[in-house]
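>>> Quick check, what structure comes out for this input:
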Amino acid sequence: MTIPDGDLLIHAGDVSSRGRLEEIEMFNEWMGSLPHRHKVVIAGNHDFFFEKYPKEAKRLITNADYLNDSGILIEGIRIWGSPVQPWFYDWAFNRKRGKDIRKHWDLIPTNTDILITHGPPFGILDSTDRGEKVGCEDLLDVIQNRVRPQLHVFGHIHEAYGQQQVGETLFVNPSMVDLAYRPVREAIVVEI
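Here you go, the predicted model:
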């Protein structure tokens with residue numbers, strides 16, 4: 001798997017298979033080996049350690065900026081990241097649809113340029129291999145009616161890899177692995 005060079009590397013979650021400490025340490029080491037000037041990371045539904053021990057997990061990521069319902073300003077670009085997604089089996093960062101998940105999306109500042117979430121918005125690159133749309137309606141509402149970022153990066157649904165322009169926002173699901181977690185796709189490069 002080749003990671004192309006660039007100014008900013010975004011990783012939209014699942015830094016581990018089950019959130020084991022050694023996996024996170026290996027991920028951080030790998031991040032440190034990449035040449036990008038800036039690297040931003042969020043956790044995903046596989047990253048149980050990040051949910052159970054958020055302060056310790058943040059300390060373990062020394063080779064990237066880790067966001068957890070938080071933001072960062074990089075060279076004038078406002079970036080916000082959140083690891084949550086609508087309830088999906090028995091994984092980490094699951095939230096019930098409606099008010100439980102909406103409170104996370106209500107934290108997103110309106111002036112966000114790049115939004116990174118683990119889960120997709122409803123109806124955009126969110127179809128499973130069985131054809132189910134599993135994205136979040138509340139996230140879509142916040143994006144389209146309040147935040148309107150230039151770029152929304154998310155992963156989670158491996159089989160929904162790709163990009164799609166909807167209104168003012170470019171939506172990108174750069175999931176490089178297939179359903180068997182084999183790295184089979186190229187990284188997606190975007191210019192802002």
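>>> tell me the secondary structure for residue 146?
With DSSP: H, G, I helix; E, B strand; the rest coil as the basis, residue 146 sits in helix.
>>> How many residues are close by the residue nearest to it when sequence neighbours are not counted?
Residue nearest to residue 146 in three dimensions, not counting chain neighbours: residue 110, with 5.8 Å by CB to CB, 6 or more residues apart in numbering. All C-beta spots, glycine's among them, are computed from the backbone N, C-alpha and C. Residues lying near residue 110 (other CB atoms under 10 Å) number 10.
>>> does residue 110 really touch residue 149, like I thought?
No. Contact criterion CB atoms under 8 Å: residue 110 and residue 149 do not qualify, at 9.7 Å.
>>> Report the next helix or strand after the lengthiest helix in the chain in sequence order.
Longest helix in the chain, counting residues (DSSP state H): helix 21-33. Next helix or strand after helix 21-33 toward the C-terminus (DSSP states H and E): strand 38-41.
>>> And the residue sitting furthest away from the middle of the chain, what's its pLDDT?
Distance to the chain centre peaks in the chain at residue 130, reaching 22.2 Å (criterion: CA atoms, centre = their mean). In this prediction, residue 130 carries a pLDDT score of 93.
>>> any chance you could read off phi and psi for it?
phi -90, psi 0 (degrees, to the nearest 10).
>>> Same check on the one 10 residues further on?
Backbone torsions of residue 140, given as degrees, to the nearest 10, read phi -60, psi -40.
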